[in-house]
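**Q** below is the sequence, then the predicted model.
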Amino acid sequence: MKDISILPSDRYGYDFIPREYLPPGKDEYWRRNEQAGRPPDSWRHLESREIETLVKNDNFCSDWDRFLVSDPFDPGLIRNSAFYGLIRLGALRDVLLRHHDFLIPAGIRNSTIISSDIGNDAAIQDCAYISHYIIGERVILSRIDELQVTNHAKFGNGVVMEGEEEDVRIWIDVMNEAGGRSILPFRDMLPADAFLWAAYRDDRELVRRLTEITQDEYGGRRGSYGTIGSGSVIKSCKIIKDMAAGNAAYIKGASKLKNLTVLSSEDEPTQIGEGVELVNGVVGYGSHIFYGSKAVRFVMGRNCNLKYGARLIHSVLGDNSTVSCCEILNNLIFPFHEQHHNNSFLIASLIGGMSNMAAGATIGSNHNSRANDGEIRAGRGFWPGLSVTLKHPSRFASYVLIAKGSYPYELNITLPFSLVNNNARKDRLEVMPAYFWMYNLYALERNSWKAFNRDKRKVRLQQIEMDYLAPDTAEEILSALEQMEVWMKAAGIDPADVKPADTKAPGGNGDADEDPEYAYIPRSDEEIPAPGLERHKRGAVLLKPRRAYLAYREMLRFYAVKTIAAYLEARPELLFGDFLKQAGGAGRVREWVNLGGQVVPAFRVDRLRGEIREKKIGGWPSVHRAYGEFAGHYPLDAAAHAWAVLNYLGACEGAEGFRKELAVLAETRRKVAEQVYLSRAKDFHDPFRAVTYRNKEEMEEVAGGPENNFFIKLSRENLGRSEAAIRALSERLEREG
């Protein structure tokens with residue numbers, strides 16, 4: 001009984017802001033008036049005949065003098081409803097509002113409204129309790145049990161309001177269950193913001209300043225009203241408390257929405273469906289949350305999907321990501337993450353984006369530690385296969401594919417584009433570097449295409465890198481080559497002696513026969529020891545090290561030339577000599593940061609951190625502008641890095657030397673297109689693929705064929721455009737002399 005207090009009935013709808021929190025000269029409506037943005041004379045008092053009509057229609061108001069309206073106003077459209085406190089209505093006409101097949105007349109019926117502003121031509125029916133909301137124009141509210149706001153509402157922002165204790169602040173424990181990387185959610189958070197806050201924990205002043213600016217921008221005075229943006233539809237919902245929703249939001253059948261910002265616009269409408277429960281978080285523009293999904297202490301980026309009972313807890317989910325069925329806890333996930341299966345589980349991880357989690361994947365078993373403070377870090381393109389289990393702490397380079405299996409020990413896979421396998425029969429870890437380039441270019445190329453094609457953001461506040469070969473992955477390849485050289489020399493292999501097929505010995509071993517471009521590799525040299533890849537003394541080996549070594553170098557050359565070519569193609573007025581002046585200077589930038597999907601030289605991120613610490617940057621909008629500046633610098637940053645990589649592989653002298661490299665680029669483009677076809681064709685040529693079909697014709701009708709595959713066709717079309725662009729650039733360089 002102590003939780004229920006008794007108040008005078010004449011105060012129903014008043015005293016929203018306690019007197020001790022009212023600024024001098026302000027009344028309880030001062031925040032409401034700021035939010036509404038309308039002059040006081042835009043409403044008028046009721047006429048006596050209008051009051052008479054309202055009363056005849058079984059309406060009640062505690063004080064008709066506090067019931068203000070706009071013209072035109074049809075009192076006959078309000079029936080069987082009760083009003084308390086200051087009520088302000090926009091224009092109300094005898095019209096119908098249609099949303100898909102749902103048709104409802106404008107007006108208010110069978111509802112209780114407490115101290116709220118309602119926009120023009122709104123339709124409200126069967127809403128038992130609407131309290132302290134500002135409702136936009138042409139809004140439909142139907143069959144809502146409770147829609148209310150408290151005077152200390154934070155709308156999902158991790159702040160405290162005046163008079164509140166620190167222990168009510170909402171933190172998100174990303175990357176680490178133990179809370180050592182806690183961040184504060186806020187309405188405009190980007191994955192890069194979360195990364196800055198969570199990753200650089202040794203920079204204590206940075207962490208303190210980020211906490212301070214978040215509180216300054218989103219905390220403060222009590223008394224903000226909830227908002228429902230114009231054109232929004234909310235129907236058949238149970239509890240909605242302390243929620244702010246943008247324009248054109250569609251919310252149907254939700255069970256509980258509490259302490260929440262739902263970002264939505266006409267260009268990027270957000271939808272929330274049946275059985276959904278969302279507490280303490282931010283839903284990004286254009287997102288869709290359906291079918292019993294749950295999220296607690298979270299931030300979702302733009303164009304995200306949460307479906308089929310998915311659980312998102314203590315996590316930040318990057319733009320253009322889809323999560324279905326599964327459970328995700330304590331994670332920072334960069335854009336373009338896919339996780340679809342009910343029996344997959346991701347915990348305490350930093351995932352670099354463009355990632356995919358297979359069924360049965362259990363990423364983050366903490367059975368090897370006395371505390372739940374372990375972490376997993378994975379670069380872009382992380383792909384754990386079926387039923388993969390991994391332990392904390394583990395680290396993975398970009399584009400690592402993990403074969404099915406339970407991995408009993410912690411892993412440190414520093415080799416990008418590799419295939420990792422736990423060979424239980426031989427009790428060893430096996431890693432094949434450059435696997436994707438050698439055997440599955442279809443998946444590699446298609447992953448980048450999918451990311452580009454699925455980027456539905458109307459407003460792109462960050463430049464997300466979608467190419468699998470970029471400065472960050474190129475540096476990972478360079479580091480991998482250095483490490484491989486150490487292992488190869490220890491195994492008696494001189495990397496300088498690993499050459500392409502002009503030195504090919506007779507005989508062959510299958511791989512060389514399949515791809516004669518690579519040198520013959522004796523079976524005795526198909527694997528070498530590779531200590532340090534896992535936390536155990538059992539054997540770990542590299543498979544096909546010679547071929548992988550050549551493949552890595554080929555990837556670097558491809559990256560370097562195509563990056564420089566793209567830079568020059570975008571600047572037809574730029575002479576090659578002038579490019580060399582731009583690209584020369586301090587040498588190769590060796591450290592790059594995946595800043596929430598945006599690839600940035602580390603020195604720029606460090607400079608930004610310093611400016612935040614020193615208060616030269618005073619708020620999140622300024623931080624976000626810095627990301628835009630990074631994007632402006634990126635084309636030259638990447639081209640300069642590519643030039644340095646090309647020189648690492650062997651000096652390229654002047655425009656004529658680069659023209660020769662363009663010829664190699666054209667040849668590699670053709671190889672990539674052909675390997676995309678061959679990678680996919682293997683599936684169709686596998687005899688076991690046909691066992692479920694009566695004949696070849698039925699198989700082709702159902703599954704198609706490699707020649708009809710959409711992505712293969714697209715790859716060949718892109719090859720034609722690329723070859724034309726390369727020819728044009730080569731002719732341009734020839735004219736320059």
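**A** Noted; the coordinates are in hand.
**Q** how many neighbours does Ala631 have?
**A** Ala631 has 17 neighbours, counted by other Cβ atoms under 10 Å. Where you see a C-beta, it was placed from the backbone N, CA and C, and this is true even at glycine.
**Q** am I right that it sits in a strand?
**A** No: under DSSP: H, G, I helix; E, B strand; the rest coil, Ala631 falls outside any strand and is assigned helix.
**Q** I'd say it and Leu595 touch.
**A** No: taking contacts as Cβ atoms under 8 Å, Ala631 lies outside contact range of Leu595: 10.6 Å.
**Q** mind checking the SS state of Leu444?
**A** Per three-state DSSP, Leu444 ends up helix.
**Q** leaving out the residues flanking it, which one is nearest to it?
**A** Nearest non-adjacent residue to Leu444, counting by Cβ to Cβ, 6 or more residues apart in numbering: Phe436, 4.5 Å away.
**Q** the one you found and Ser418: what is the separation?
**A** Per Cβ to Cβ, to the nearest Å, Phe436 is found 8 Å from Ser418.
**Q** which strands or helices does the host helix or strand of the residue nearest to Leu444 pack on?
**A** Applying DSSP states H and E as the criterion places Phe436 in helix 435-439. Judged by 3 or more Cβ pairs under 8 Å, 6 or more residues apart in numbering; DSSP states H and E, helix 435-439 is in contact with helix 441-453, helix 545-569.
**Q** among these, which is nearest Leu608?
**A** Nearest to Leu608, of all these, is helix 545-569, at 23.8 Å by Cβ to Cβ.
**Q** separation between Ser448 and His536?
**A** For Ser448 relative to His536 (Cβ to Cβ), the value is 35 Å.
**Q** so between the two, which is more surrounded?
**A** Counted by other Cβ under 10 Å, Ser448 and His536 do not tie: Ser448 has more neighbours, with 18 against 14.
**Q** check contacts around the residue lying closest to Ser111 once chain neighbours are set aside.
**A** Leaving aside its sequence neighbours, Ser111 sits nearest to Cys127 (Cβ to Cβ, 6+ apart; 4.2 Å). Shown in contact with Cys127 (Cβ atoms under 8 Å, 6 or more residues apart in numbering): Asn110, Ser111, Thr112, Ile113, Leu141, Ser142, Arg143, Ile144, Leu147.
**Q** show me what Cys127 is bridged to.
**A** Ile144 (DSSP bridges).
**Q** how close does it get to Trp487?
**A** Using Cβ to Cβ, Cys127 is found at 68 Å from Trp487.
**Q** repeat for Lys391
**A** Plainly put, Lys391 is 24 Å away from Trp487 if you go by Cβ to Cβ.
**Q** now do Asn151
**A** From Asn151 to Trp487 the distance is 64 Å (Cβ to Cβ).
**Q** find me the pLDDT at Asn366, would you?
**A** Per-residue pLDDT puts Asn366 at 55.
**Q** flag every buried residue along the longest strand anywhere in the chain.
**A** In the chain, ranked by residue count with DSSP state E as the criterion, the top strand is strand 233-245. Using 16 or more other Cβ atoms under 10 Å as the test for burial, strand 233-245 gives Val233, Ile234, Lys235, Cys237, Ile239, Ile240, Lys241, Asp242, Met243, Ala244, Ala245.
**Q** over to stretch 175-185?
**A** Buried residues in stretch 175-185, counting neighbours by 16+ other Cβ under 10 Å, are found at Met175, Asn176, Glu177, Arg181, Ser182, Ile183, Leu184, Pro185.
**Q** quick one: contacts for the closest residue to the fifth one other than its chain neighbours?
**A** Spelled out, that is Ser182. Nearest residue to Ser182, sequence neighbours excluded (Cβ to Cβ, 6+ apart): Trp171, at 4.2 Å. With contact taken as Cβ under 8 Å, 6+ apart, Trp171 is in contact with Gly158, Gly179, Ser182, Ile183, Leu184, Arg297.
**Q** please name the nearest non-neighbouring residue to the fifth one.
**A** Looking back up the chat, that one is Leu184. Excluding the flanking residues, the one nearest Leu184 by Cβ to Cβ, 6+ apart is Gly158, at 3.1 Å.
**Q** host element of the one you found?
**A** Taking DSSP H and E as the definition, one finds Gly158 inside no helix or strand.
**Q** that one touches Pro185, doesn't it?
**A** Yes: in terms of Cβ under 8 Å, Gly158 counts as a neighbour of Pro185; the distance is 4.8 Å.
**Q** between the two, what contacts are shared?
**A** Ile170, Ile172.
**Q** does Ser230 belong to a helix, a strand or coil?
**A** coil.
**Q** pull the contacting residues for it.
**A** Ser230 sits next to Gly119, Gly136, Glu137, Arg138, Val139, Asn247, Ala248 when contact means Cβ under 8 Å, 6+ apart.
**Q** any regions of the stretch 251-400 of the chain where pLDDT drops low?
**A** Along the stretch 251-400 of the chain, segments meeting pLDDT under 70 span 365-371.
**Q** list the contacts of the residue nearest the centre of the chain.
**A** In the chain, the residue lying closest to the centroid (Cα atoms, centre = their mean) is Gly318, at 1.5 Å. For Gly318, the contacting residues are Pro191, Gly301, Cys304, Ile333, Phe334, Pro335, Phe336, His337, Gly353, Gly596, Gly597, by Cβ under 8 Å, 6+ apart.
**Q** out of these, list just those in helices.
**A** Residues of the contacts of Gly318 located in helices (DSSP state H): Pro191.
**Q** can you give me the pLDDT of Gly508?
**A** Looking at Gly508, its pLDDT is 35.
**Q** got it, and Ser524?
**A** Value for Ser524, per-residue pLDDT: 43.
**Q** next one: the one 10 residues further on
**A** Glu534 is assigned a predicted lDDT (pLDDT) of 95.
**Q** in this structure it contacts Val420, no?
**A** No: with contact defined as Cβ under 8 Å, Glu534 does not count as touching Val420 (9.5 Å).
**Q** can you check which residues contact both of the two?
**A** Residues within reach of Glu534 and of Val420 at once, by Cβ under 8 Å, 6+ apart, are Leu411, Leu429.
**Q** any low-confidence regions in this protein?
**A** For the chain, the stretches flagged by pLDDT under 70 are 1-2, 365-371, 501-525, 586, 683, 737.
**Q** what about the helices in the stretch 1-150 of the chain?
**A** For the stretch 1-150 of the chain, the helices defined by DSSP state H, counting those that start in this stretch occupy 30-36, 48-56.
**Q** adding distance to Pro8, write the ones you listed out as CSV.
**A** Formatted as CSV, these follow (distance: least, Cβ to Cβ, whole Å):
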stretch, distance to Pro8
helix 30-36, 22
helix 48-56, 24
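**Q** looking at those helices, which is buried most?
**A** helix 30-36 (a mean of 17; mean count of other Cβ atoms under 10 Å).
**Q** how distant is that helix from the center of its chain?
**A** Its chain's C-alpha centre and that of helix 30-36 lie 33 Å apart, by Cα atoms, centre = their mean, to the nearest Å.
**Q** for that helix, packing partners?
**A** The contact analysis (3+ Cβ pairs under 8 Å, 6+ apart) places helix 30-36 against strand 133-135.
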